[in-house]
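Any chance you could fold what I've pasted below:
(chains A and B)
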Amino acid sequence: MAEVIKITTPLTDDQVKKLHAGDSVLITGIIYTARDAAHKKLVDLLAEGKPLPVDLKGHLVYYVGPSPARPGKPIGSAGPTTSGRMNAYAPKLLAIGSKGMIGKGEMNAGVAEALKKNTSVYMVAVGGAAALIAKSIKQSKVVAYEELGAEAIAELTVVDFPAIVAQDCHGGNIYQEGIAKYGIKD
Amino acid sequence: MREIAAQTITDQVAKLCIDANYFLGKDVLDSLNAALAKEESPTGKAILEQIIENAGIAQEGEFPMCQDTGFSVFFVELGQEVLVTGKTLEEAITEGVRKGYGEGYLRKSIVSDPLQRVNTKDNTPPVVWIETVPGSELKITIAPKGGGSENMSEVNMLNPSDGAEGVKNFVVDKVRRAGSNPCPPIVVGVGIGGTFEKVAWLAKKALLRPIGDRNPNPFYAAMEEELLERINKLGIGPQGLGGRTTALDVHVEVYPCHIASLPSAVNIQCHACRHKSVVI
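Alright, predicted model coming up:
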């Protein structure tokens, strides 16, 4: 793989513009976890015009529901969950200033459009590499919806969290490029 | 009759839950290493390396290999001379899941109702399939099943006229449509025949067979080889980011069926192809 790009959150538009589908990235800083149930709550609040329990401006949302932390550890295993389930929610969070998401699997055309419109980025972590990813998470603090258990929103402090840019703000999409390159017609 | 105390079963099941989630099978690891040697995509290679490194970290016993420690699915072979005492067999297994998922720091991923969605907080209930067999032994196999790959599975009631080609096209197309979602490289379980519910069960059971093992029937062994080759030509690759390694293996299981039917099912398994067995 090409050279690894180091980024630190919160992200600016200029930083996001430098990221292209296929780039390997190491993320340092704060990222926020949220998956199905938390997204529903956040989007319901936006629909009611109410403030969110976390300020996502410039931040990345990580689609994850970690396993329980052992005593003395900040978190359990913490790999990404399937992003497609958040297709309906992601554009709404990008519209209020979140700079992108981390998950696994391709996101739809609506999200691709929102990435361009809001200068934001979709990155993937390796699904199932959850123990390895956990090693890059130094702190975890639940900041909203504790009652959701593994689905609560947590603020993670990460150092060199490994990710790959999957869909960028220029319309780049590694999934389509990959199949075009490696697919063999019968 | 040979008596087996429910508590013995509970303790063994708790250990199975933990072992399955921390120790990736040698067949899967060998297959990942073989795929790494053959993979052409640099990104694909890097991903396979991460997955193999991840298995090594999980083995140390502090972090399960995946945060999605799955729905606890059990395949039980109950010797007909075995008498379970103290509780029913299902109750003993359920108690084992509660114990194993607690003590093993495994994620509780089950909601008590599919629409009202309140977490049961102990990963119960499990799904338990029991077959009776001759003898006085009890064999329990756990196959924890993650949600991401399970969601990409499908039953298709084909027509008999669709034949082998129809089944193969359905399987390959299903994997193509699943794309990057089920955490490729995947293992593909295929069921053919039986009834609507039996074919789904066959596809799941097919996932228990070790990677590299072929169906004993040469016709279906050849079908497995052909499907694996066609799937790996799709170019989906590790995590769907492009490459040669989309599936590690394809396993087909069959059952007699009705003159009017050709039930077919695909159960997709992520690379964390977890299963552990114990014989009591």
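
what's the single longest strand in chain B?
strand B:247-257 (DSSP state E).

Look up phi and psi at the residue in the stretch 151-280 of chain B that chain A sits nearest to.
The minimum distance from the stretch 151-280 of chain B to chain A, using Cβ to the nearest Cβ, falls at B:G242 (1.9 Å). To be clear about C-beta, it is placed using only N, CA and C from the backbone, and glycine gets the same treatment. Backbone torsions for B:G242, taken as degrees, to the nearest 10, come to phi 100, psi 130.

mind saving the C-alpha coords of the helix or strand following the longest strand of chain B as CSV?
As assigned by DSSP states H and E, the chain's next helix or strand after strand B:247-257 is strand B:262-269. The C-alpha coordinates for strand B:262-269 follow below in CSV (Å, rounded to 0.1, in the frame of the first residue of the first chain):
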residue,chain,number,x,y,z
LEU,B,262,-36.1,-26.8,-5.7
PRO,B,263,-35.5,-24.9,-2.4
SER,B,264,-32.1,-23.2,-2.3
ALA,B,265,-30.4,-21.2,0.4
VAL,B,266,-27.3,-19.2,1.0
ASN,B,267,-26.0,-18.5,4.5
ILE,B,268,-23.0,-16.2,4.4
GLN,B,269,-20.4,-16.4,7.1
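
mind checking the longest helix of chain A?
Determined from DSSP state H, the single longest helix within chain A is helix A:36-47.

what does it rub up against?
With contacts defined as Cβ atoms under 8 Å, 6 or more residues apart in numbering or on different chains, helix A:36-47 is touched by A:34, A:51-52, A:85-86, A:88-89, A:92-93, A:96, A:144-145, A:148, A:151-153, B:117.

Looks like A:G127 contacts B:G148 (just checking).
Yes: with contacts counted by Cβ atoms under 8 Å, A:G127 reaches B:G148, the gap being 6.9 Å.

secondary structure element for A:L132?
Counting by DSSP H and E, A:L132 is found in helix A:130-134.

picking up where we left off before, buried set for the longest helix of chain A?
A:36-39, A:41-43 (16 or more other Cβ atoms under 10 Å in any protein chain shown).

Centroid-nearest residue for chain A?
A:I102 (1.9 Å; Cα atoms, centre = their mean).

So, low pLDDT: which residues of chain A?
A:1-2, A:186 (pLDDT under 70).

Residue of chain A nearest chain B, please.
Here the residue of chain A nearest chain B is A:G178; by Cβ to the nearest Cβ that distance is 1.9 Å.

measure B:L208 to B:A20 for me?
According to Cβ to Cβ, to the nearest Å, B:L208 stands 12 Å off from B:A20.

so what's the residue nearest to the spatial centre of chain B up against?
Nearest to the geometric centre of chain B sits B:L207, at 4.4 Å (Cα atoms, centre = their mean). For B:L207, the contact set (Cβ under 8 Å, 6+ apart) comprises B:143, B:187, B:189, B:251, B:267, B:269, B:273, B:275.

Grab the nearest non-local neighbour of it.
Nearest non-adjacent residue to B:L207, counting by Cβ to Cβ, 6 or more residues apart in numbering or on different chains: B:G189, 4.1 Å away.

partners of that neighbour in the sheet?
Beta-bridge pairing of B:G189 under DSSP bridges involves B:H251, B:N267.
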